[in-house]
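Enquirer: Take this sequence and fold it.
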Amino acid sequence: MQYEDDGARRRIAMQSEGERLNSVGLHSNPNEFEQDTVFINNKYKIVKSLGQGKFGTVCRGINTKSGLHVAIKMESQNAKIKLLKNETTILNYLYNENCRDIPAVFWYGLHRETVCLVMTLYECSLFDYVKRKTLSVSKIENIMIQCLSALENIHSKFVLHRDIKPQNFMIKDGNIYVIDFGFSGFYIEGCEISETSENDEPSENIIGSPKYISLNIHNGIRPSRRDDLISLGYTYMFLLCKELPWDNLHKIENTDFAEIHILHPKNIQRKTLKSFENIERLFLDNITTMSPKKIVNYIQYCYSLNYNTKPDYNALKILMSSDI
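Expert: Okay, here's the model as predicted:
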């Protein structure tokens, strides 16, 4: 199926150039798309590759009619794990619900044997931003407040992101945007769903990025709003320290488990290091860490949330702006 989103065209026409210009945070890695001129939907010319990941390729493109630079995500039609259709559905739904902390979808469809998603292009991820610059505590806390507001907005539309990490927050003109909704899904508010139902075995495979998934996901519990916030808490640690306590793990020689399996030795190490007791010890004992009490209080609150509990986003924003 191939379609041009008429609703997206109308929305884009109403956006300012600043909103439209310049959602993908992958590192440079040239490939075959740079060798030949390729046009998607006879309109979007591929300029260069931005990166290639486990699930597809991302390129910078240009709308040859308007001159607008765009991001083009591509996925093989025969891929075992298909994410672009889900991402397009989620993004269009959120945009139609007046969520503006996300990319706009310009076009989705099939080019030869490749599924393509054309969307807003952002130039800098939070990951790259913090690696390039030394940020003040107040700057980091302001970024966290914006990230909390973006997640609150997304959650208010009954969507869970499920892959929160610094690479999936983008910065443009001082504003924060959330990208990469391929793993996202919906939740039902007010419905008492258990963490794992009687008939369900705990999930053995990780959804998201192992470094940033919450402690609950390591335990095989299905994700809820609290888990997006916990992943944001780990992002907060990264912003302050430029690394995570579980970045440098013991070398693993042999294992029967895939890297996304909760029993992979690295994930077992991460699970141990993500315990509240360990985080509290690491940060409160390390007097060189900026805002150690805020990290500990943030994680303690998020870890205390029940599966169905609506988080108090405002309380977390107040924590970020407090003087402790």
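Enquirer: how far away is residue 135 from residue 114?
Expert: Distance check for residue 135 against residue 114: by C-beta to C-beta, to the nearest Å, it reads 38 Å. Bear in mind the C-beta positions are built from the backbone N, C-alpha and C, glycine included.
Enquirer: Any stretches of the stretch 151-300 of the chain with poor pLDDT?
Expert: For the stretch 151-300 of the chain, the stretches flagged by pLDDT under 70 are 190-202, 286-290.
Enquirer: 90 instead?
Expert: 188-203, 248-255, 283-292 (pLDDT under 90).
Enquirer: For the stretch 1-150 of the chain, just list every one of the strands.
Expert: If you assign secondary structure with DSSP state E, counting those that start in this stretch, the strands in the stretch 1-150 of the chain sit at 39-40, 44-53, 56-63, 69-76, 105-111, 114-120, 124-125.
Enquirer: Of those strands, which stretch is the most buried?
Expert: Sort the strands of the stretch 1-150 of the chain by mean neighbour count, taking mean count of other C-beta atoms under 10 Å, and strand 114-120 sits at the top with a mean of 25.
Enquirer: Pipe the strands of the stretch 1-150 of the chain into TSV and attach distance to residue 285 and mean pLDDT per row.
Expert: Listed next are these as TSV, based on distance: least, C-beta to C-beta, whole Å; pLDDT from 0 to 100:
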stretch	distance to residue 285	mean pLDDT
strand 39-40	53	94
strand 44-53	36	91
strand 56-63	40	95
strand 69-76	42	96
strand 105-111	47	97
strand 114-120	43	97
strand 124-125	31	96
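Enquirer: how about those strands in CSV, adding distance to residue 321?
Expert: Listed next are the strands of the stretch 1-150 of the chain as CSV, based on distance: least, C-beta to C-beta, whole Å:
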stretch, distance to residue 321
strand 39-40, 44
strand 44-53, 35
strand 56-63, 35
strand 69-76, 33
strand 105-111, 34
strand 114-120, 29
strand 124-125, 24
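Enquirer: looking at the ones you listed, which is closest to residue 162?
Expert: Taking C-beta to C-beta as the criterion, strand 44-53 is the member of the strands of the stretch 1-150 of the chain that comes nearest to residue 162, at 16.1 Å.
Enquirer: name the helices or strands packed onto that closest one?
Expert: Based on contacts counted as 3 or more C-beta pairs under 8 Å, 6 or more residues apart in numbering; DSSP states H and E, the elements that strand 44-53 packs against are strand 39-40, strand 56-63, strand 69-76.
Enquirer: let's see it at 10 Å
Expert: The contact analysis (3 or more C-beta pairs under 10 Å, 6 or more residues apart in numbering; DSSP states H and E) places strand 44-53 against strand 39-40, strand 56-63, strand 69-76, strand 105-111, strand 114-120.
Enquirer: ok, back up a step: of the strands of the stretch 1-150 of the chain, which approaches residue 275 most closely?
Expert: The minimum distance between residue 275 and the strands of the stretch 1-150 of the chain falls on strand 124-125, with 28.2 Å, by C-beta to C-beta.
Enquirer: neighbouring strands for the closest one, and are they parallel or not?
Expert: For strand 124-125, the paired strands and their directions (DSSP bridges) read strand 169-172 (antiparallel).
Enquirer: distance between the next helix or strand after the strand it pairs with and the chain's centre?
Expert: Per DSSP states H and E, strand 169-172 leads on to strand 175-178 as the next helix or strand towards the C-terminus. Using C-alpha atoms, centre = their mean, to the nearest Å, we find the averaged C-alpha position of strand 175-178 to lie 11 Å away from the chain's own average C-alpha position.
Enquirer: what sits up against strand 175-178?
Expert: 18-19, 23, 94, 99-103, 120, 122, 125-126, 142-151, 153-154, 161, 163-164, 168-171, 184, 228 (C-beta atoms under 10 Å, 6 or more residues apart in numbering).
Enquirer: from those residues, which would you call buried?
Expert: Neighbour counting with 16 or more other C-beta atoms under 10 Å marks 23, 94, 99, 101-103, 120, 122, 125-126, 142-148, 150-151, 153-154, 161, 163-164, 168-171, 184, 228 as buried within the contacts of strand 175-178.
Enquirer: Among these, which ones are in helices?
Expert: When DSSP state H is applied, the buried ones among the contacts of strand 175-178 are split such that 94, 126, 142-148, 150-151, 153-154, 228 fall in helices.
Enquirer: Break this structure into its domains for me.
Expert: With domains defined by automatic domain parsing, the chain comprises 6-120, 124-321.
Enquirer: List phi and psi for the closest residue to residue 162 other than its chain neighbours.
Expert: On the basis of C-beta to C-beta, 6 or more residues apart in numbering, the spatially nearest residue to residue 162 that is not a chain neighbour turns out to be residue 183, at 4.5 Å. When quoted as degrees, to the nearest 10, the phi and psi of residue 183 stand at phi -90, psi 0.
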